[in-house]
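S.K.: When you get a sec, could you give me coordinates for this:
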Amino acid sequence: MLNVGKIEEGYVLDHIQAGKSLTIYHLLHLDKTDAQVAIIKNARSSKMGKKDILKVECPIGSIDLDVLAFLDRNITVNVIRNGEIMQKEDLILPREVRNVIKCKNPRCITSIEQGLEHIFVLSDATKGTYRCKYCESNPPAQ
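M.R.: Model (predicted):
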């Protein structure tokens with residue numbers, strides 16, 4: 001049996017779709033921090049069959065978790081303090097998402113201006129729909 005030690009302060013991201021943990025690792029820029037991270041892939045889950053889990057030892061608030069709601073609203077965010085779960089954060093769709101997905105419209109300014117950020121703005125919160133800030137295109141399917 002796999003045994004990963006508990007963390008004192010940070011986050012446990014649970015119920016990540018199997019195989020998505022490395023994508024989340026990079027989108028949260030955990031590769032650019034000194035945070036201690038445990039990635040558990042393909043863990044058994046009674047709800048999902050298989051799931052991924054990320055354990056991140058870091059100061060609370062040092063990671064921008066907004067992108068998680070865009071990727072998957074079913075991810076559970078457990079906030080850990082003093083080695084115990086202090087709260088579970090609800091994921092709220094961010095108003096805009098930067099450089100997570102790229103606009104596929106060949107006429108979009110982002111196709112020509114290589115240094116321009118790919119920004120998608122929330123257009124319908126109930127459906128979770130985003131549109132390109134520049135050309136109003138829908139993002140590609142995730």
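S.K.: Pop the domain breakdown of the chain in here.
M.R.: By the assignment in automatic domain parsing, the chain contains the domains 10-89, 96-132.
S.K.: could I get those as JSON lines with distance to residue 138, mean neighbour count and mean pLDDT?
M.R.: Where you see a C-beta, it was placed from the backbone N, CA and C, and this is true even at glycine. What follows is the domains of the chain, written out as JSON lines (distance: least, Cβ to Cβ, whole Å; neighbours: other Cβ atoms under 10 Å; pLDDT from 0 to 100):
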{"stretch": "domain 10-89", "distance to residue 138": "14", "mean neighbour count": "16", "mean pLDDT": "91"}
{"stretch": "domain 96-132", "distance to residue 138": "6", "mean neighbour count": "14", "mean pLDDT": "91"}
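S.K.: Export the ones you listed as JSON lines, with columns for distance to residue 4.
M.R.: Supplementary listing: the domains of the chain in JSON lines, determined by distance: least, Cβ to Cβ, whole Å:
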{"stretch": "domain 10-89", "distance to residue 4": "5"}
{"stretch": "domain 96-132", "distance to residue 4": "27"}
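S.K.: Quick check: phi and psi at the residue most central in space within the chain.
M.R.: Most central in the chain under Cα atoms, centre = their mean is residue 68, positioned 3.0 Å from the mean C-alpha point. Recorded main-chain torsions at residue 68 are phi -60, psi -40, according to degrees, to the nearest 10.
S.K.: what do you get for residue 27?
M.R.: phi -70, psi -30.
S.K.: Could you measure from it over to residue 76?
M.R.: 17 Å (Cβ to Cβ, to the nearest Å).
S.K.: repeat for residue 114
M.R.: 37 Å.
S.K.: Next up, phi/psi of the nearest residue to residue 102 once chain neighbours are set aside, please.
M.R.: Excluding the flanking residues, the one nearest residue 102 by Cβ to Cβ, 6 or more residues apart in numbering is residue 118, at 4.9 Å. Note on residue 118: backbone dihedrals following degrees, to the nearest 10 are phi -90, psi 110.
S.K.: and residue 118, how far is that from residue 34?
M.R.: 28 Å.
S.K.: Which other helices and strands does the helix or strand encompassing residue 55 contact?
M.R.: Assigned by DSSP states H and E, residue 55 belongs to strand 49-57. For strand 49-57, the contact count by 3 or more Cβ pairs under 8 Å, 6 or more residues apart in numbering; DSSP states H and E identifies strand 10-17, helix 21-27, strand 36-45 as packing neighbours.
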